[in-house]
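**Q** 3D model of this:
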Amino acid sequence: MKKFRNNVIRAGLGAFYFTGAHHLLRPIFSGVGAIFMLHRVRPCREAAFRPNHHLEVTPEFLRAMLKHLRSQHIDIITMDEMHQRLIERNFSQRFASFTLDDGYRDNRDFALPVMREFDAPFTVYAASDFAEGIGRLWWIALEQVVARASSIEARIGDVAKRFETGTTAAKEVAFARLHDRLRGLPAEHDLRHEIAALCARHGVDEIAICRELCMTWDELRAFAGDPLVSIGAHTITHCNLARQPEQVASQEMSICRARIESVLQRPVLHLAYPYGDRIAAGAREFALARAAGFRTAVTTRPGMIFPESAEHLMALPRVSLNGNHQDTRILPVLTSGAATAMWNGFRRIGAA
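**A** Coordinates of the predicted model:
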């Protein structure tokens with residue numbers, strides 16, 4: 001299903017490029033700006049099995065996007081500046097803000113040098129458990145389980161299922177089924193229990209993954225010292241907030257914020273909801289973020305920024321820079337708003 005969806009997206013992006021339809025839609029759907037969403041920035045991996053590849057872009061692709069934005073005279077601004085322009089309704093110049101989720105070390109090693117080339121500010125949303133070195137990046141742990149296993153036994157619903165994972169194609173099927181199963185579990189402790197059991201059976205160390213991939217507090221402090229870098233909150237544990245009791249969801253936001261502020265000795269004013277789709281962040285989470293005093297909160301819902309986004313500052317959409325679609329020809333399509341408009345049924349705002 002995921003491969004089919006990726007093929008559909010790729011075909012749609014290609015159709016806009018080859019027909020030039022995005023030029024016609026740009027005046028209607030490009031809005032006043034965009035918030036670009038990334039996770040990891042790193043050189044391309046050559047492995048055949050890369051189920052989390054959509055979360056990785058190369059420094060070259062990031063550089064191409066920045067070059068495209070500069071060629072279009074689009075301002076690259078901080079989330080603070082974007083908030084200010086929305087509040088003041090200052091739309092004389094189109095803008096773009098760059099955001100990176102989770103707090104990966106490659107944001108420092110590969111993204112920052114590219115952003116410096118263009119004097120482009122960006123925000124990294126850090127999960128405090130990741131910085132503590134105790135976080136669970138379960139989607140990467142699952143990739144490692146499937147990558148090293150020749151077969152996997154797991155329960156899908158009430159049925160015990162055995163996945164043969166001897167080939168790349170079989171691994172992709174197994175990962176997709178298990179990923180959907182884990183995302184669909186009713187509580188966070190269920191997900192943690194299931195992935196911990198898989199990791200234990202297949203010799204994968206979840207904590208080692210976190211410590212290998214994510215910046216520590218000391219690294220974040222030094223990283224945040226760069227004038228181009230801002231740090232936002234991404235909850236304590238990177239949980240699905242919508243599945244938490246209200247008090248827990250509120251604490252996930254506020255305690256993460258307090259921990260980052262304590263380390264960095266500066267205000268943390270911006271939030272990213274983990275997962276950030278409609279099943280992970282909705283009206284309750286938007287209200288909790290507002291009550292916590294954040295200036296903005298970003299989702300993973302696709303969309304451009306429009307003047308009316310000022311009324312939905314806790315539900316801002318983003319444009320994904322997706323590792324599965326690193327074709328420089330589609331950059332004008334992404335900045336035109338055509339792709340996100342099609343995804344949203346040609347509605348400009350989808351904050352409900």
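**Q** For Gly303, which non-adjacent residue is spatially closest?
**A** Distance criterion C-beta to C-beta, 6 or more residues apart in numbering; nearest residue to Gly303, sequence neighbours excluded, is Pro317 at 3.0 Å. C-beta: built from backbone N, CA, C; applies to glycine.
**Q** Can you list phi and psi of that neighbour for me?
**A** phi -80, psi 170 (degrees, to the nearest 10).
**Q** Could you check how many residues crowd around it?
**A** By other C-beta atoms under 10 Å, the residues close to Pro317 number 27.
**Q** Surely it is in contact with Glu308?
**A** No - contact criterion C-beta atoms under 8 Å: Pro317 and Glu308 do not qualify, at 11.9 Å.
**Q** before we move on, back to that, for the residue nearest to Gly303, what are its contacts?
**A** Pro317 sits next to 35, 298-299, 301-305, 340, 350 when contact means C-beta atoms under 8 Å, 6 or more residues apart in numbering.
**Q** If we use 7 Å, what do you get?
**A** Residues in contact with Pro317 (C-beta atoms under 7 Å, 6 or more residues apart in numbering) are 299, 301-303.
**Q** what ranges of this structure fall below the confidence cut-off?
**A** 1-18, 21, 23, 27, 156-157, 350-352 (pLDDT under 70).
**Q** quick one: the strands in it?
**A** 33-38, 40-41, 56-57, 75-76, 95-102, 122-126, 151-156, 159-164, 229-233, 270-272, 296-302, 316-320 (DSSP state E).
**Q** Show me what the second one pairs with in its sheet, parallel or antiparallel.
**A** With DSSP bridges as the test, strand 40-41 is paired with strand 56-57 (parallel).
**Q** which other residues reach the partner strand?
**A** Under C-beta under 7 Å, 6+ apart, the answer for strand 56-57 is 38, 40-42, 321, 323, 326.
**Q** Pick out whichever of these sits closest to Ala222.
**A** Ala222 has its nearest neighbour among these in Val41, at 17.9 Å by C-beta to C-beta.
**Q** Skip the chain neighbours and tell me the closest residue to the closest one.
**A** Using C-beta to C-beta, 6+ apart, the closest residue to Val41 is Ala111 (4.0 Å).
**Q** With His53 instead?
**A** The shortest distance from His53 to any non-neighbouring residue, by C-beta to C-beta, 6+ apart, is to Gly323 (4.7 Å).
**Q** Go ahead and confirm the one you found touches His54.
**A** Yes - counting by C-beta atoms under 7 Å, His54 is a contact partner of Gly323 at 5.0 Å.
**Q** More neighbours: these two, which one.
**A** More crowded of Gly323 and His54, by other C-beta under 10 Å: Gly323, with 22 against 16.
**Q** returning to that earlier point: please produce a markdown table containing the contacts of strand 56-57, extended by distance to Pro267.
**A** Compiled in a markdown table, the contacts of strand 56-57 are given as follows (distance: C-beta to C-beta, whole Å):
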| residue | distance to Pro267 |
| --- | --- |
| Leu38 | 23 |
| Arg40 | 27 |
| Val41 | 26 |
| Arg42 | 30 |
| Leu321 | 27 |
| Gly323 | 32 |
| Gln326 | 35 |
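**Q** Could you tell me which of those count as buried?
**A** Those of the contacts of strand 56-57 that meet the buried threshold are 38, 40-42, 321, 323, 326, by 16 or more other C-beta atoms under 10 Å.
**Q** Glu212: how many residues sit nearby?
**A** 12.
**Q** Quick one: residues contacting it.
**A** Taking C-beta under 7 Å, 6+ apart as the definition, Glu212 has no contacts.
**Q** just Gly166 next, same as before
**A** Ser150.
**Q** hmm, 8 Å instead?
**A** Here Gly166 is in contact with 150-151 (C-beta under 8 Å, 6+ apart).
**Q** Backbone dihedrals for it, please?
**A** Gly166 adopts backbone torsions of phi -80, psi -20, taken as degrees, to the nearest 10.
**Q** Please work out how many residues are found near the closest residue to Val145 other than its chain neighbours.
**A** Leaving aside its sequence neighbours, Val145 sits nearest to His202 (C-beta to C-beta, 6+ apart; 4.6 Å). A count of neighbours around His202, defined by other C-beta under 10 Å, yields 15.
**Q** sorry, back to before: which one of the contacts of strand 56-57 sits closest to Gly293?
**A** When the contacts of strand 56-57 are ranked by distance to Gly293 (C-beta to C-beta), Leu38 comes first, at 25.9 Å.
**Q** and the residue lying closest to Ala289 once chain neighbours are set aside, how far is that from Leu142?
**A** Nearest-residue entry for Ala289: Ala297, 4.2 Å, with adjacent residues in sequence omitted and distances by C-beta to C-beta, 6+ apart. To Leu142, Ala297 is 27 Å away according to C-beta to C-beta, to the nearest Å.
**Q** now swap in Leu112 and tell me
**A** With C-beta to C-beta as the criterion, Leu112 and Leu142 are 28 Å apart.
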